[in-house]
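[1] got a predicted structure plus its sequence, pasted below:
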Amino acid sequence: MVADLKALTGFPPQSVRRLIVKVGSALLVAPEGSVRRAWLESLVGEIAARKAAGQQIVIVSSGAIALGARRLALPKGGRATLEDAQAAAAVGQIALSQVWADLLGAHDIAAAQMLVTLGDLEDRRRYLNASATLDRLIGLGVVPVVNENDSVATEEIRFGDNDRLAARIGQAARADAVVLLSDIDGLYTANPHSNPDATLIPLVERIDTAVLGMADANSASGMGSGGMVSKLQAAQIATGAGAHLAIISGRIDAPLGHWQTSGRGTLFRAASRRGGRKTWLAGRLTVKGKLRVDIGAAEALRRGRSLLPAGITASEGRYARGDVIDILGPDGAVIARGLAQYDSGDAERIIGKRSDEVATLLGGTPRAAIVHRDHMVLL
Ligand code: GLU
């Protein structure tokens, strides 16, 4: 299978130059709340060896809420309320950073803590700051350890799971691959816990509706928050940014080496890289509205044209000029994402109208496009 993967991907994703390794709560923290130190030591040993061989590694680590909940004796693993989760994360993050600093320090590697919110990475300036910091840390030989800044992020602006955070960090760090260490060894055709006929899919070339249909929202382990749905969303973000994403089992010691020799897991093959700004745009998670377009407009967009009012059949949601909106084809599938040139109020007045009618309706010389091609990315 390893040979097949090499043939299919052009190179083994395990040996790429810059790799993001995401470790979930259930792997880091035992059910009773203690750190799974022996397993972590095995992983850090692998990371140290890879780093010595020239690979650049960024860790995305969960576990703050689970560790803090144990320390504070909070019910439901600290996830009963948002306030509990935020308090647990604040307490647990100190312990979590200490564990990584100790284990990496044992190999003479300096660890760096970076806590980011969804808001940080949705804002282009702060995204670029995070990107520059990651670059500098890696250049200094440091291993960044990233987590969501759970204590300040409120419900509507949370990543909520570190799968999507890992993919976003993969984008910001311009990583070549993202590996999600999970309690399951990949994507199955159905939920393997409830369906004995489910089979593992080794390679996904394109995340289409058939692939999305295989995810089961109930596949989470109960400790972390991400199930297969969030892993597929992460795969969409990472592959769209030109990075491979792999889901592999972390239920074994030295999981990266096991992956390398067995090839077992699911690999989502990277799409070709876009420019930095379009990559950031494609990975934005906060979409404020939707525009539905007719067949003619959908084809024009695919040929690289801007979206004009005439081809739009409906507008949904409240958005302001500059907000991110999705563009849906006649069948309801999202075909592009871009920045609105109009507030939703004005957009609703001009959809379906020709340019001369738009000028009469809004007065003056309004912008020709509702979404300009320079601010749009095809998905
Ligand atoms: N950021 C959360 C933590 O450190 C975990 C999020 C997740 O479950 O993926 O506990």
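    In hand now; what should we look at? Note that this is a predicted model, so its numbers are computed, not measured.
[2] helices or strands up against the stretch of helix or strand Val44 belongs to?
    Assessed by DSSP states H and E, Val44 sits inside helix 37-52. Contact here means 3 or more CB pairs under 8 Å, 6 or more residues apart in numbering; DSSP states H and E; on that basis helix 37-52 packs against strand 18-23, strand 56-61, helix 82-105, helix 255-262. In short, each C-beta sits where N, CA and C put it, glycine included.
[3] for the stretch 1-150 of the chain, give me the ranges with low pLDDT.
    1-14 (pLDDT under 70).
[4] the ligand contacts on this protein?
    Residues of the chain lying near the ligand by CB under 6 Å from any ligand atom: 25, 62-66, 89, 147-148, 150, 161-162, 224-226.
[5] just flag the most distant two among these.
    Checking those against each other with CB to CB, the farthest-apart pair comes out as Ala89 and Gly226, at 15.5 Å.
[6] tell me where the stretch 101-250 of the chain has helices.
    The residue ranges that make up the helices of the stretch 101-250 of the chain, judged by DSSP state H, counting those that start in this stretch, are 118-122, 124-139, 162-172, 209-212, 228-240.
[7] residue ranges with poor pLDDT in the stretch 151-300 of the chain?
    When the per-residue scores of the stretch 151-300 of the chain are filtered using pLDDT under 70, the ranges that remain are 155-157, 216-226.
[8] that older thread, can you give me the buried ones in the helix holding Val44?
    Residues of helix 37-52 classed as buried: Trp39, Leu40, Ser42, Leu43, Val44, Gly45, Glu46, Ile47, Ala48, Arg50, Lys51 (neighbour count, 16 or more other CB atoms under 10 Å).
[9] tell me which residues touch the closest residue to the fifth one other than its chain neighbours, please.
    Read it as Val44. The shortest distance from Val44 to any residue that is not its chain neighbour, by CB to CB, 6 or more residues apart in numbering, is 4.3 Å, and that residue is Leu103. Listed by CB atoms under 8 Å, 6 or more residues apart in numbering, the contact set of Leu103 reads Arg37, Leu40, Glu41, Val44.
[10] test my guess that the last one contacts Asp108.
    No - using CB atoms under 8 Å, Val44 is not in contact with Asp108, being 11.8 Å away.
[11] pick the most deeply packed of the helices of the stretch 101-250 of the chain.
    Between the helices of the stretch 101-250 of the chain, helix 162-172 has the highest mean count of neighbours, a mean of 29, where neighbours are mean count of other CB atoms under 10 Å.
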